[in-house]
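Enquirer: Sequence below, structure please.
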Amino acid sequence: MKNFWKGLLSYLFVALVVVASSVILSGATNTKLLNYISPLYETLYRINENYYEINKVNFDDLIDSAIDGMVKGLGDDFSYYYPAKQMTEQQIEMEGQYGGLGIEVTYDNENRAVKIISPMYGTPAWRVGLQAGDLIIGIDDQPVSEMEYEVKVVREIIQIIPVKSGTTMYNGKKIGYILLTKFNEPVPAELQKALRKLYDQKIDALLLDLRNNPGGLLDVAIQVSNYFLDAGKIIVSVKDRNGKITDRYISQGNNYPKVPMAVLVNNGSASASEIVAAALKENGRAILVGQKTFGKGSVQRGFPLSNGGTVFLTIAHYLTPAGKDIHKVGIQPNITVEEATSTSRKVDAKVYTLTEIEVDVNDPVIKTAIESIFKNTGK
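Expert: Purely as a prediction, here's the structure:
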């Protein structure tokens with residue numbers, strides 16, 4: 001067995017050298033990368049040769065931990081590593097269903113805790129009242145010195161219905177309302193259906209609710225923006241690490257009526273939500289109502305690894321149509337409205353399958369948005 005491991009580790013060392021060499025030859029100019037790999041091999045070798053409980057060692061897990069630690073060492077909350085088993089769940093989430101708590105999170109290096117970007121509407125995390133900015137500092141009854149409150153969240157399979165719509169009346173005017181909870185693959189088609197349904201009802205104004213929407217796919221954000229902007233308007237630009245604009249996305253336009261519009265945001269509106277919010281605000285298509293957004297303006301790219309995992313690295317930043325970098329800054333709404341204090345929310349099980357939603361006219365953000373729309377239009 002010992003000779004087997006020696007052979008395996010020797011093979012691993014050769015493989016690492018070959019991989020590193022191929023990276024260098026393919027464009028990397030830092031030839032010191034090979035030297036950085038040596039301590040990794042040496043550590044694996046010493047674990048195999050000298051560690052007391054070698055029978056409990058899973059070398060695949062060790063490599064996953066090493067890669068994860070390396071990426072965390074960058075100090076970038078939005079660069080991360082997914083082992084092979086997590087990549088499957090990530091893909092399912094983008095397609096519209098996954099098993100989990102219903103929260104989008106990032107690692108907070110400063111507080112050494114998991115930080116909630118936003119809870120997804122109708123999910124277990126949403127129902128117990130978790131909010132954007134909450135820190136997860138303890139799990140499974142592990143001692144936590146500064147925990148201020150405790151909530152119980154049950155993991156379950158979540159069928160994401162990302163687009164919900166409804167209508168309400170205000171002073172004889174019909175208001176269309178769309179709640180968009182995620183920018184995943186089903187959104188463009190579902191949003192088109194919702195818009196057609198609302199416009200067929202001759203709505204006089206439209207609310208797009210992006211509160212607690214953690215974002216998702218860039219191309220979906222582009223398509224969503226197209227549904228509201230005239231052709232030729234800048235949606236978003238991408239700036240690389242050298243300050244060069246590598247991509248600029250321009251609206252293709254649409255055939256929908258141009259009714260007055262407001263976008264609802266809060267500090268759980270992140271990433272793709274901020275792309276859409278900034279595009280509509282800065283192009284004069286809608287007013288923003290609510291709270292300052294999260295401030296995720298970084299672009300991640302996934303690099304598949306030979307072990308089946310994927311490392312996601314920040315490779316660029318988004319710029320708004322006005323050329324603003326909102327990363328760690330966020331977007332200020334036109335009208336700031338504080339939300340009601342969150343409490344545990346009760347949601348009927350049908351919320352997972354229904355595409356219609358009742359508009360809560362007592363919600364201070366919704367109420368202010370409606371009043372502001374007609375105040376600005378003079379109607």
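
Enquirer: For the chain, name the helix or strand with the lowest mean pLDDT.
Expert: Lowest by mean pLDDT, DSSP states H and E among the helices and strands of the chain is strand 97-100, with a mean of 44.

Enquirer: Ala369 contacts Leu264, doesn't it?
Expert: Yes: if you go by CB atoms under 8 Å, Ala369 and Leu264 touch, sitting 6.0 Å apart. C-betas here are computed from N, CA, C, even on glycine.

Enquirer: Spit out the residues that contact the two alike.
Expert: Leu207, Val289 (CB atoms under 8 Å, 6 or more residues apart in numbering).

Enquirer: Tell me who's in contact with Ile287.
Expert: By CB under 8 Å, 6+ apart, the contact set of Ile287 is Met261, Ala262, Val263, Lys281, Pro333, Asn334, Ile335, Ala369, Ser372, Ile373, Asn376.

Enquirer: Going through these, which ones are buried?
Expert: For these, a neighbour count by 16 or more other CB atoms under 10 Å gives the buried set as Met261, Ala262, Val263, Lys281, Pro333, Ile335, Ala369, Ser372, Ile373.

Enquirer: closest to Gly309 among the residues you listed?
Expert: Among these, Val263 lies closest to Gly309 (CB to CB), at 36.5 Å.

Enquirer: Report the residue spans of this structure with pLDDT below the cut-off.
Expert: Residues of the chain that meet the criterion pLDDT under 70 lie in 1-30, 87-160, 341-354, 377-379.

Enquirer: so Asp209 makes contact with Gly176?
Expert: No: using CB under 8 Å, Asp209 is not in contact with Gly176, being 11.1 Å away.

Enquirer: So for those two, which sits in the more crowded spot?
Expert: Asp209 (28 against 24; other CB atoms under 10 Å).

Enquirer: If the more buried one is in a bridge, with which residues?
Expert: Leu179, Leu264 (DSSP bridges).

Enquirer: before we move on, what about Gly302?
Expert: Taking DSSP bridges as the rule, Gly302 bridges to Phe312.

Enquirer: Wait, it touches Ile315, no?
Expert: No: if you go by CB under 8 Å, Gly302 and Ile315 don't touch, sitting 10.2 Å apart.

Enquirer: Which parts of the stretch 51-200 of the chain are helices?
Expert: Taking DSSP state H, counting those that start in this stretch as the test, the helices found in the stretch 51-200 of the chain are 59-72, 84-95, 124-127, 187-200.

Enquirer: between these, which one is nearest to Asn213?
Expert: Nearest of the helices of the stretch 51-200 of the chain to Asn213, taken as CB to CB: helix 187-200 at 10.3 Å.

Enquirer: what's that closest one packed up against?
Expert: In terms of contacts (3 or more CB pairs under 8 Å, 6 or more residues apart in numbering; DSSP states H and E), helix 187-200 is packed against strand 163-170, strand 173-180, helix 218-226.

Enquirer: Name the residues of the longest one that come out as buried.
Expert: By that I understand helix 218-226. Applying 16+ other CB under 10 Å to helix 218-226 flags Leu218, Val220, Ala221, Ile222, Gln223, Val224, Ser225, Asn226 as buried.

Enquirer: Now do the same contact list for the second one.
Expert: For Val220, the set of contacting residues under the criterion of CB under 8 Å, 6+ apart consists of Phe183, Asn184, Glu185, Val187, Pro188, Ala272.

Enquirer: Could you single out the nearest of the residues you listed to Glu356?
Expert: Nearest to Glu356 among the contacts of Val220, with distances taken as CB to CB, is Val187, at 16.5 Å.

Enquirer: can you list the buried residues of helix 218-226 in a markdown table and add distance to Leu195?
Expert: Shown next, in a markdown table, are those (distance: CB to CB, whole Å):
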| residue | distance to Leu195 |
| --- | --- |
| Leu218 | 21 |
| Val220 | 15 |
| Ala221 | 16 |
| Ile222 | 16 |
| Gln223 | 12 |
| Val224 | 10 |
| Ser225 | 13 |
| Asn226 | 12 |
